[in-house]
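K.L.:
Okay, here's the prediction I keep looking at, along with the sequence it came from:
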Amino acid sequence: MKRNRIAPLMAALAATAAGVAMQPAEASSHREAPFITTQPKVDATDFYMFASYETGRAGYITLIANYQPLQAPYGGPNYFSMDPNALYEIHIDNNGDAKEDISFQFRFKNALKGTTLNIGGKDVAIALIQSGTVSDPKAAALNVNESYTVDIVRGDRRSGTR
């Protein structure tokens with residue numbers, strides 16, 4: 001009689017364990033905040049900070065911030081540009097008081113050159129970032145030029161010293 005009670009319990013336990021073991025692995029989608037899905041150009045995805053290892057750069061720290069998640073490598077040549085209406089910021093707390101001591105503020109500007117191609121005797125504007133090979137920032141084939149400015153603010157990011 002005791003054996004009959006244990007068998008269903010063991011079967012249920014085994015089924016539960018098998019179900020738990022077969023769950024798919026999940027990781028960050030870089031879209032975990034609902035509001036940011038409406039503004040992917042300002043969605044900060046990853047941030048890296050490490051001691052610089054270049055010759056002559058001892059004592060320096062390298063900061064890298066990534067934005068615009070879920071952009072496939074094969075999505076080019078028209079990859080997403082940075083938002084010229086956004087303020088991108090990196091805040092550094094040097095003394096552990098949870099207040100920024102230095103902020104790097106980035107603003108982007110996207111200039112469309114308006115490259116056209118002669119198609120059937122008419123000049124037609126292209127919708128591509130480039131119309132050919134781009135080997136330097138001033139290449140004639142570059143149709144969109146993205147540039148940025150950086151402000152360094154010491155102290156509070158809004159009222160500190162620039």
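P.N.:
Arrived safely. Numbering: from 1, shown residues only.
K.L.:
burial of residue 115, as a residue count?
P.N.:
Other residues near residue 115 number 19, with proximity taken as other CB atoms under 10 Å. For glycine as for every other residue, the C-beta is placed from the backbone atoms N, C-alpha and C.
K.L.:
That one reaches residue 129, doesn't it?
P.N.:
No. If you go by CB atoms under 8 Å, residue 115 and residue 129 don't touch, sitting 9.7 Å apart.
K.L.:
what about residue 153, neighbour count?
P.N.:
For residue 153, using other CB under 10 Å, the count is 19.
K.L.:
Mind listing the shared neighbours of residue 115 and residue 129?
P.N.:
Taking CB atoms under 8 Å, 6 or more residues apart in numbering as the criterion, residue 115 and residue 129 both touch residue 143.
K.L.:
Report the contact partners of the residue nearest to residue 126 when sequence neighbours are not counted.
P.N.:
Counting by CB to CB, 6 or more residues apart in numbering, residue 126 lies nearest to residue 115, which is 5.4 Å off, once chain neighbours are set aside. Taking CB under 8 Å, 6+ apart, we find residue 115 in contact with 125-126, 131, 141, 143.
K.L.:
Could you single out the nearest of those to residue 37?
P.N.:
residue 143 (28.7 Å; CB to CB).
K.L.:
so that closest one makes contact with residue 117?
P.N.:
No. Residue 143 is not in contact with residue 117 according to CB under 8 Å; the separation is 10.5 Å.
K.L.:
Between the two, point out the one with more neighbours.
P.N.:
Legend: neighbour count by other CB under 10 Å for residue 143 and residue 117, higher for residue 143 (23 against 11).
K.L.:
Phi and psi next, for the more buried one.
P.N.:
Backbone geometry at residue 143, expressed as degrees, to the nearest 10, gives phi -100, psi -20.
K.L.:
Would you mind measuring from it to residue 161?
P.N.:
Distance, residue 143 to residue 161, by CB to CB, to the nearest Å: 39 Å.
K.L.:
I'd like to know how many residues surround residue 81.
P.N.:
Other residues within reach of residue 81 by the criterion other CB under 10 Å amount to 14.
K.L.:
For it, report the pLDDT, please.
P.N.:
Looking at residue 81, its pLDDT reads 88.
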